[in-house]
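Trainee: My questions concern the predicted model and sequence given below.
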Amino acid sequence: MSALKLLALDMEDLSILSAHLQDSVLKVGDLSFAARQGIFVAAVNRFVWEEAATRKEPFERRRAALTFKRVKAVRSTGFDRSNREAVLSLLALRFEQASDGPEGSVELVFAGGGAIKLDVECIEGQLADTGGAWETRSRPDHPLDS
């Protein structure tokens with residue numbers, strides 16, 4: 001499989017990034033924000049959902065970078081930012097529009113109630129595979145509540 005490279009400029013695009021990032025895992029130390037440049041980056045190990053439907057185990061994970069530009073501020077809740085080794089499991093990306101304009105907040109939602117909110121001028125996100133792939137026998141599973 002070739003490396004994945006996606007760009008998100010609106011809510012529909014962001015939902016596609018979210019689908020590819022569901023069940024990605026990362027360490028708190030893999031998060032960075034360059035305030036002067038307005039760039040937020042999360043280095044993740046993403047589950048390769050685009051192949052999981054057509055193949056049985058072993059499944060695959062890939063190293064990838066999630067980047068957002070035009071970020072004005074970053075806030076987090078539900079996890080200890082000082083614990084750089086803590087592992088987070090990404091569930092979804094969401095966008096909440098602030099007004100009639102393009103600005104708003106991109107939210108990274110993590111399992112266990114953690115979240116990161118990026119105040120953005122507009123949606124400008126990228127997802128790109130950056131490294132090799134490795135096999136995993138574990139396929140993420142989300143049982144439905146009854």
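Mentor: On my side now, so go ahead.

Trainee: so Gly131 makes contact with Arg63?
Mentor: Yes - contact criterion CB atoms under 8 Å: Gly131 and Arg63 qualify, at 3.6 Å. For glycine as for every other residue, the C-beta is placed from the backbone atoms N, C-alpha and C.

Trainee: Give me the residues contacting the lengthiest helix in the chain.
Mentor: Longest helix of the chain, by residue count under DSSP state H: helix 11-21. The contact list for helix 11-21, computed with CB atoms under 8 Å, 6 or more residues apart in numbering, reads 4, 6-8, 44, 46, 49-50, 64, 66, 90, 92-95, 106, 123, 125, 127.

Trainee: coming back round to it: looking at Gly131 and Arg63, which one has more neighbours?
Mentor: Arg63 (15 against 12; other CB atoms under 10 Å).

Trainee: my guess is that one contacts Leu127, does it?
Mentor: No - contact criterion CB under 8 Å: Arg63 and Leu127 do not qualify, at 11.8 Å.

Trainee: now the most centrally placed residue in the chain: how far from Ala98?
Mentor: Closest to where the C-alpha atoms of the chain average out (CA atoms, centre = their mean) is Leu21, at 5.1 Å. Distance of Leu21 to Ala98, computed by CB to CB, to the nearest Å: 23 Å.

Trainee: cool, Asp129 as well?
Mentor: For Asp129, the distance to Ala98 - CB to CB - is 31 Å.

Trainee: Those two: which has the busier surroundings?
Mentor: The neighbour count for Asp129 versus Ala98, taken as other CB under 10 Å, is higher for Asp129 (19 against 11).

Trainee: Make sure that one is indeed in a strand.
Mentor: Yes - under DSSP: H, G, I helix; E, B strand; the rest coil, Asp129 falls within a strand.

Trainee: tell me the SS of the residue lying closest to it once chain neighbours are set aside?
Mentor: Closest residue to Asp129 apart from its sequence neighbours, by CB to CB, 6 or more residues apart in numbering: Ala3 at 4.0 Å. Classification of Ala3 by three-state DSSP places it in coil.

Trainee: just checking, Ala3 touches Leu127?
Mentor: No - using CB under 8 Å, Ala3 is not in contact with Leu127; the gap is 10.5 Å.
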